[in-house]
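J.: Provided below are the primary sequence and the corresponding predicted coordinates.
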Amino acid sequence: MSRSLDASPPTADLRVEAGDIHVDLTGRWRITAPTPKWHKAIKGQPAGRVIIHAENLAAWDSSLVLFVSEAANWCRVEGVYCDQKTLPSAVRDLVTQLEDKTQHPVPAGRTPDFLTLVGIATSDCWDKAKQYSNFVGECVLSSIYLTRHPLKFRWRDSLAEMQRCGAMALPITGLIALLVGVILAYSGAIILRPFGGDIWVADLVGVTMTREMGAMMTAIVVAGRTGASFAAEIGNMRANEEIDALETLGIRPVNFLVIPRIVALGVMMPLLTLYANALGIFGGMTIAWGLLDIPPSAYWVEMLTIVDTSDLMTGIIKGTIFGAIIGLSGCLRGLQAERSASGVGQATTSAVVTAILLIIVFDALFAVIFNILGW
Amino acid sequence: MIIATDLSCGYNGKAIIEKLNFEVKSGEIFFIIGGSGCGKSTLLRHLIGLHSPITGDIKICGESFATADANRRRDLLKNFGVLYQGSALWSSLTLKENITLPLEEYTDLSRRDRDQLARLKLAQVGLTGYHDYYPSEISGGMKKRAGLARALALDPGIVFFDEPSAGLDPITSRELDELILQIRDTLGTTCVIVSHELASIFDIGDRLILLDKEARTIIAEGPPQELIASNPDRRVQAFLKRRDRPA
């Protein structure tokens, strides 16, 4: 750009002489200030050779380049000559660069049509399923290896994760479980009261919490809390090439990062499930006492008539499996994350969605399996 | 163009560099150099207004940046562009959108004109035709060029470069140096470059200041060739000749 202390505003005055259009450019042209526009200046003028006079130009920048480019385009359309000889050579060069219409094709795979998108999504689902099962296989092999080489297992990391995903999840898990128990008891009371079956609220809450809601609500909370954290942490490590550094040292990321996390969740989830069961039952007990005048002792005795060890065990088994699912989903998505800020964000979201989806699917499977087994 | 007077820069009231007095003239390629931790990037962050000086003043185009009110600072920001070390392109926007964003913010150009300008800026840095690409779809060297195109969006009088050659191979680094020269020669832009790339300093630098970590101030100022030829300070000679520091 030319720099000048002249602060006069930019002008583009047109005058017609012998059929030629003379354009007198003066003043200080700045992109951040209003500048003349060619299409307004030429309005109503008959076509003729355009001769640009820039001898009195004080200063210019890209705004002048735009103006001249528009003028040159107009001349091309009208089939007339555009004389730019008096313009600074830098302006003429920039106008030429602006007129370069080269376009590199965008990378393949972007913005396909709807049917292609459906096909790609379907293929993507199948690929993801294959990746997941490959990953599960890899984790099984790593587990066997670490069982044979227990000193190579990162106990310290696993214990730290147990604290993070277990102990530090107690407040939120407890709150959710308590409220679920309250909701179950309240909803149950509304239905059972007309039949004089108030006391069966204890059975409803006890069975539902121990068999289903304890494990599932805990798993959903942990998926959002811990699963996302795993994906974000490992995704960031991938973006920072820390995973690459592990691999170039011959350390398998699954051994180093994944198994300690899955073990942590596998240990903590059953405990969290029992804790959630207890608080859910306590929540139901509170509502039963407050709303239905059922004393805690009666509530407890009634609950024990129907809730037995098999109910507790189904909840614990589900909790353990759900914990493994959350760990696998979080770690896998982290390892698959793209090396960018948005990639890590997407991995985090995907980890939670995958975990919750699989939790629901497995819960349905368990319902069938335990029914067949008579549990 | 830029005048620093008794400038002290640091964080949380603690100065890292002190008593800086220097001037950057219009149209020159000015290097700020020094060893790691000497405060080059700190000085740059103060020059571009991300932090206020602890003491002293910075005048850009004759106006004090530090004492300007919020509206005036916003106007002064239009006078310079910054190429960050990692290019800092917004990853969710295409290259064209990265460049049109400052144009949307500070001009009343039509969308068509903004798009045209974005293409021009990309052409100026040798990225013609890549306007619809996302930052993740281009190489590191191309990201630097795209970052420079964005820094030039408002045709600023000054462009600041933070370690422009970091992470680039020698060929790409040389190409970037030539681009900087071309920008200065074609557009008259003043370039202030934080770097410790000696090759770039000697190839394209007009003048430099050398910061020293222990002295916490400028220990040399002038054209690189003159400093290496005649500056008696052993620290200056050690840095410019890339030798171990004398005991």
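T.: That came through fine.
J.: where does pLDDT dip in chain B?
T.: Regions of chain B meeting the criterion pLDDT under 70 cover residues B:66, B:243-247.
J.: which bits of it sit near chain A?
T.: Near chain A, the residues belonging to chain B are B:26-27, B:78, B:91-92, B:103, B:106-109, B:113, B:116-117, B:119-121, B:123-124, B:128-130, B:132-133, B:136-137, B:154-155, B:157, B:186-189 when assessed by Cβ under 8 Å from any Cβ of the partner chain. C-beta: built from backbone N, CA, C; applies to glycine.
J.: filter those residues down to the buried ones.
T.: B:27, B:78, B:103, B:106-107, B:109, B:113, B:116-117, B:119-121, B:123-124, B:128, B:130, B:132-133, B:136, B:154-155, B:157, B:186-189 (16 or more other Cβ atoms under 10 Å in any protein chain shown).
J.: burial measure for the nearest residue to B:D203 once chain neighbours are set aside, as a count.
T.: With Cβ to Cβ, 6 or more residues apart in numbering or on different chains as the measure, B:D177 is the residue that lies nearest to B:D203, at 5.6 Å, once sequence neighbours are left out. B:D177 is flanked by 21 other residues according to other Cβ atoms under 10 Å in any protein chain shown.
J.: with only the CA atoms kept, save stretch B:208-218 in PDB.
T.: C-alpha atoms of stretch B:208-218 as PDB (Å, rounded to 0.1, in the frame of the first residue of the first chain):
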ATOM      1  CA  LEU B 208      17.100  -5.700  14.900                       C
ATOM      2  CA  ILE B 209      17.100  -5.500  18.700                       C
ATOM      3  CA  LEU B 210      18.700  -8.200  20.700                       C
ATOM      4  CA  LEU B 211      17.200  -9.000  24.100                       C
ATOM      5  CA  ASP B 212      19.300 -10.600  26.800                       C
ATOM      6  CA  LYS B 213      17.700 -12.800  29.500                       C
ATOM      7  CA  GLU B 214      20.200 -11.900  32.200                       C
ATOM      8  CA  ALA B 215      20.400  -8.200  31.400                       C
ATOM      9  CA  ARG B 216      16.600  -8.100  31.000                       C
ATOM     10  CA  THR B 217      16.800  -5.400  28.400                       C
ATOM     11  CA  ILE B 218      18.100  -4.600  24.900                       C
END
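J.: surely B:I209 is in a strand?
T.: Yes - secondary structure of B:I209, determined by DSSP: H, G, I helix; E, B strand; the rest coil: located in a strand.
J.: so it sits right up against B:F22, yeah?
T.: Yes - counting by Cβ atoms under 8 Å, B:I209 sits close enough to B:F22 to count as a contact (5.3 Å).
J.: any common contacting residues for the two?
T.: B:218, B:221 (Cβ atoms under 8 Å, 6 or more residues apart in numbering or on different chains).
J.: after the one helix or strand A:T96 maps to, next one along is what?
T.: The secondary structure element spanning A:T96 is helix A:89-98 (assigned by DSSP states H and E). Helices and strands here follow DSSP H and E; after helix A:89-98, the next one along the chain is helix A:114-148.
J.: if we can go back for a sec, so the residue nearest to B:D203 versus chain A, what's the distance?
T.: According to Cβ to the nearest Cβ, to the nearest Å, B:D177 and chain A sit 20 Å apart.
J.: contacting residues for that residue?
T.: Residues counted as contacts of B:D177 (Cβ under 8 Å, 6+ apart) are B:165, B:200, B:203-204.
J.: let's see 10 Å
T.: B:D177 sits next to B:29, B:164-165, B:193, B:197, B:199-201, B:203-205 when contact means Cβ atoms under 10 Å, 6 or more residues apart in numbering or on different chains.
J.: for it, which three-state class applies?
T.: At B:D177 the chain is in helix, as set by three-state DSSP.
J.: contacts for stretch A:285-293, please.
T.: By Cβ under 10 Å, 6+ apart, the list of residues contacting stretch A:285-293 from outside reads A:178, A:181-190, A:192-193, A:198-199, A:201-202, A:205-206, A:294-300, A:302-303.
J.: elements contacting the helix holding A:T96?
T.: The elements that helix A:89-98 packs onto, with contact taken as 3 or more Cβ pairs under 10 Å, 6 or more residues apart in numbering or on different chains; DSSP states H and E, are helix A:62-78, helix B:111-124, helix B:170-187.
J.: what angle sits between that helix and helix B:111-124?
T.: Following axes from the mean of the first three to the mean of the last three Cα atoms, to 10 degrees, one obtains 110 degrees for the angle between helix A:89-98 and helix B:111-124.
J.: could you list the buried residues of helix A:89-98?
T.: Under the neighbour-count criterion of 16+ other Cβ under 10 Å, helix A:89-98 has A:90-91, A:94-95, A:97-98 buried.
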